[in-house]
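Undergrad: any chance you can model this:
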Amino acid sequence: MPKRIPVELYCKQSRKLLFDANVIISIIWPVPQSRLAQAAKYSRLFSSAIKFEQEICVDSIILSEVVNRIARLEYDRHLHRVGLVREDLDFKAFRGITEGIETFKQIHSTFSRTIFPKFDVVGKSFCKEEISSIDFRGHDFNDLLIESVCKENDCILVTHDGDFGDSDVDIISGNTKLLSEPSACPS
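TA: I've put the predicted structure just below:
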């Protein structure tokens with residue numbers, strides 16, 4: 001049975017930690033007031049992992065989700081700030097205006113300062129037989145791929161995403177939906 005470790009009980013692991021997009025965003029990007037406590041928990045885990053010289057990982061699927069989600073967040077913030085709706089300025093157009101270009105520069109700069117120096121990039125090469133055998137009905141396709149990356153690289157997933165509730169990989173989380181039967185901190 002996979003282990004579920006509350007983020008507050010994190011201790012150094014013998015296995016790598018694979019940080020999911022929602023956790024990375026909460027660490028590197030401004031979050032709404034309603035999510036500050038959650039972000040603080042994951043920031044403390046991140047700081048502790050660095051202090052303990054824990055191997056921290058990410059993969060290209062997650063990096064893509066991080067870039068796309070932050071860009072969409074900033075697009076929505078821009079629309080709100082200038083009093084527009086999506087019909088007035090679509091996302092592709094936003095990417096070409098000054099605010100959009102600056103957003104992508106900020107994302108790149110943040111990756112260069114925070115992600116690339118601290119995270120190893122792991123991954124998995126999927127063959128078409130593996131992908132075609134994935135039953136993603138009712139599931140987030142990327143989440144199923146991330147679960148495979150965890151298995152392939154023997155990682156513990158650090159996530160707040162409740163969609164991983166049925167996952168058969170070990171998880172560290174602050175999401176109570178994922179912690180119905182929390183495990184003690186395994187080494």
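Undergrad: so who does I134 touch?
TA: I134 is in contact with 141, 144-145, counting by CB atoms under 8 Å, 6 or more residues apart in numbering. (Each C-beta comes from the backbone N, C-alpha and C, glycine too.)
Undergrad: please, where are all the strands along the protein?
TA: 4-6, 16-19, 56-58, 120-121, 155-158, 171-173 (DSSP state E).
Undergrad: leaving out chain neighbours, which residue sits closest to the residue positioned nearest the centre of the chain?
TA: Residue closest to the average C-alpha location in the chain (CA atoms, centre = their mean): A21, at 1.5 Å. Spatial nearest neighbour of A21, excluding adjacent residues (CB to CB, 6 or more residues apart in numbering): E65 at 3.8 Å.
Undergrad: and the one you found, how many neighbours?
TA: Neighbourhood size, E65 [other CB atoms under 10 Å]: 20.
Undergrad: tell me the spacing between it and V85.
TA: In this view, E65 and V85 are 25 Å apart by CB to CB, to the nearest Å.
Undergrad: do A40 as well
TA: Taking CB to CB, one finds A40 at 33 Å from V85.
Undergrad: what does F126 show for phi and psi?
TA: Here is the backbone geometry of F126 (degrees, to the nearest 10): phi -100, psi 130.
Undergrad: quick one: low-confidence parts of the protein?
TA: Within the chain, the stretches with pLDDT under 70 are 181-187.
Undergrad: follow-up on the earlier one: mean neighbour count, the strands of the chain: which tops it?
TA: Scoring the strands of the chain by mean neighbour count under mean count of other CB atoms under 10 Å gives strand 171-173 as the most buried, with a mean of 26.
Undergrad: other SSEs contacting that strand?
TA: strand 4-6, strand 155-158 (3 or more CB pairs under 8 Å, 6 or more residues apart in numbering; DSSP states H and E).
Undergrad: try it again with 10 Å
TA: Counting contacts by 3 or more CB pairs under 10 Å, 6 or more residues apart in numbering; DSSP states H and E, strand 171-173 is packed against strand 4-6, strand 16-19, helix 21-28, helix 36-51, strand 155-158.
Undergrad: A40 and V85: which is more packed in?
TA: A40 (14 against 8).
Undergrad: rewinding a little: for the contacts of I134, which one is nearest I5?
TA: L144 (21.4 Å; CB to CB).
Undergrad: check contacts around R77.
TA: Counting by CB atoms under 10 Å, 6 or more residues apart in numbering, R77 touches 30, 99, 103.
Undergrad: hmm, back to that, reformat the contacts of I134 as a markdown table; add neighbour count.
TA: Converted to a markdown table, the contacts of I134 look like this (neighbours: other CB atoms under 10 Å):
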| residue | neighbour count |
| --- | --- |
| F141 | 11 |
| L144 | 16 |
| L145 | 20 |
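Undergrad: and I61, how far from Y42?
TA: For I61, the distance to Y42 - CB to CB - is 19 Å.
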